[in-house]
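Asker: Below: sequence and its predicted model.
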Amino acid sequence: MHDLRLVREQMHLLRDGFARRGKLDTLGPILDRLEGLEKERRALITAVEERKARRNVMTQDVAQKKRVGEDVTELVAESRSVGAEIARLEADLTATESTVHGLMLELPNITRDGVPAGDESHNAIVRSWGTPRDATGVRPHWDVAGELGIVDLARGAKISGSGFIVYRGLGARLVRSLINLMLDTHTSEHGYEETWVPLVVNRTSMTGTGQLPKFEDDMYALHGDVGFLISTAEVPVTNLYRDEILDAADLPKALTAYSACFRKEAGAAGKDTRGLLRVHEFDKVELVRYAAPDESDAELERLSGHAEAILRKLELPYRVLLLAAGDTGFASTKTYDLEVWAPGVGKWLEVSSCSSFGDFQARRMNIRYRPSPGEKPRLVHTLNGSGLALPRIIAALIEHGQHPDGSIAIPAALQSYLGTARLG
RNA sequence: GGAGGGAUGGCCGAGAGGCUGAAGGCACCGGUUUGCUAAACCGGCGUACUGGGAAACUGGUACCGAGGGUUCGAAUCCCUCUCUCUCCGCCA
């Protein structure tokens, strides 16, 4: 969420930002509406407070007069009528405020300097690593994995539905191995604290990180309004410090978590949905960082570096994209996507999205830090990224390590976890 | 699931319709003293919104878990909800 002050004093920043996202058509009218509502809101505040001040004086007067035994019936009557006026104005104020707040929650973040304007065709490759394997003769992972018996798509669909995966044998162990490799690396080499968080969160948490109110259709809601299945561990982990004040000495704070992630992806059927490419439930190791504002740029580089380190350990060729404004997520100021090359499907697959949110999430969650003792608390900056999402990594491993006989070479870093150097 | 207790500032903790933004303590900040550290003493010390001001600052309003109600006036009385603790039952 943006500071309301922007609506009042820096409207052009919002307009420019939304224009870079290509969203001015839909968001421009909302800004116009907000501008008027904000004026109205402040006028109502002034009106209400003026009357409250008056009533407070009268109320003191009543107490005073009663003490000396004077008649107060007239004063009480006047105070009562001011009270009625206050009630009326406050009802207006509450309505206006909730409209303003609702609209503010729907405004996306604005991207920071250096992020290209426009849609995804303006995404920029900022670096790459490794040599993408030639696609000729490499079969897609769903064929090979099926033959090897490590992934069972048919039974996953039977017991849960399409987009739910059953891993078996070394496939199941591969999932566990990848999770362990990632968590071990992030905790012992990158300094993250390991956490284990609930997979169910409440509406407040979902709103805090920005999934709500806009994307309710994309997630699984539990019956009886008791919560949602998380779409990413970002939600519980980032909400860990909601409504808290951190010490400056605690920053940057680095947290990692493995979790299952659940996504309905309504309307996403059709493209790129085969095999492990897009599924409703998947496993992911997430990285979350809280940083002081002047550190958040450097922190984003660190964070994506930590995710990249996993790809290098897995010996998977990848490239790093700086997303254009129009492709950058709702809450993000700047996002790097990490994509691995999958020769079997002949595509670059997004396996991590590393974002810096500025104070956008922190304002929604009221997460602050005290720069130094005695100073006023300030909003922290939050960042997160996958480190990494498993299904597409598994797809890439199967395709990249594929031998002509259908067996798969396992990268050295993973062998001790998996207990073997090849599958099949 | 049943029965009770509780929720007050960064933390602990008083307060029981008006004189309470809230005693006292801890922590923190500034100062005095001190060979250093500690201690002692003095002073300061919440947040948000809103008005005025270039700013320092200053006027106002609100905030005692959340929301509603009673009242001229609510931290204090009433209702609902949330969370928490203790005990009983059930269960992994």
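Answerer: Arrived safely, thanks for sending. In this text the structure is predicted, and so the values were computed from the model without any measurement. Numbering: from 1, shown residues only, chains lettered A, B, ... in the order given.
Asker: who's in contact with the nearest residue to A:Leu251 once chain neighbours are set aside?
Answerer: Distances taken as CB to CB, 6 or more residues apart in numbering place A:Ala292 nearest to A:Leu251, at 5.1 Å, with adjacent residues excluded. All C-beta spots, glycine's among them, are computed from the backbone N, C-alpha and C. Residues in contact with A:Ala292 (CB atoms under 8 Å, 6 or more residues apart in numbering) are A:248, A:251-252, A:369, A:371, A:380-381.
Asker: Need the buried ones from those selected in ChimeraX.
Answerer: Those of those that count as buried under 16 or more other CB atoms under 10 Å are selected in ChimeraX with:
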select /A:251,252,369,380,381
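Asker: how about low-confidence regions in the stretch 201-350 of chain A?
Answerer: Filtered on pLDDT under 70, the stretch 201-350 of chain A yields the residue ranges A:266-271.
Asker: ok, which residues in it are in contact with RNA strand B?
Answerer: Within reach of RNA strand B by CB under 7 Å from any atom of the strand, the stretch 201-350 of chain A has these residues: A:Ile245.
Asker: which residue ends up closest to the midpoint of chain A in space?
Answerer: With distances taken as CA atoms, centre = their mean, A:Thr209 lies nearest the centre of chain A, 5.2 Å away.
Asker: Was I right to think that one contacts A:Val237?
Answerer: No: counting by CB atoms under 8 Å, A:Thr209 sits too far from A:Val237 to count as a contact (9.3 Å).
Asker: show me where the stretch 51-200 of chain A has helices.
Answerer: Along the stretch 51-200 of chain A, the stretches classed as helices by DSSP state H, counting those that start in this stretch are A:73-106, A:141-148, A:153-159, A:170-188.
Asker: Restrict the second one to CA atoms and write it as CSV.
Answerer: Listed in CSV are the C-alpha atoms of helix A:141-148, where the atom choice follows Å, rounded to 0.1, in the frame of the first residue of the first chain:
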residue,chain,number,x,y,z
HIS,A,141,10.6,-34.6,-18.8
TRP,A,142,7.1,-36.0,-18.6
ASP,A,143,8.0,-38.8,-21.0
VAL,A,144,11.2,-39.7,-19.3
ALA,A,145,10.0,-39.3,-15.8
GLY,A,146,7.0,-41.5,-16.5
GLU,A,147,9.3,-44.2,-17.9
LEU,A,148,11.6,-44.0,-15.0
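Asker: So what's the gap between it and the chain middle?
Answerer: 33 Å (CA atoms, centre = their mean, to the nearest Å).
Asker: Just list the residues touching the residue nearest to A:Arg274 when sequence neighbours are not counted, thanks.
Answerer: Nearest residue to A:Arg274, sequence neighbours excluded (CB to CB, 6+ apart): A:Trp142, at 5.9 Å. With contact taken as CB under 8 Å, 6+ apart, A:Trp142 is in contact with A:151, A:153, A:274-276.
Asker: Tell me the one of the residues you listed nearest RNA strand B?
Answerer: Comparing the contacts of A:Trp142 against RNA strand B with CB to the nearest atom of the strand places A:Val151 closest, at 29.0 Å.
Asker: Could you give the number of residues near the nearest residue to that closest one once chain neighbours are set aside?
Answerer: Closest residue to A:Val151 apart from its sequence neighbours, by CB to CB, 6+ apart: A:Ala145 at 3.9 Å. If you count neighbours by other CB atoms under 10 Å, A:Ala145 ends up with 28.
Asker: Domain ranges for chain A, per the record?
Answerer: Listed by automatic domain parsing, the domain ranges of chain A are A:4-106, A:120-423.
Asker: A:Thr328 and A:Leu89: what is the separation?
Answerer: A:Thr328 sits 41 Å away from A:Leu89, going by CB to CB, to the nearest Å.
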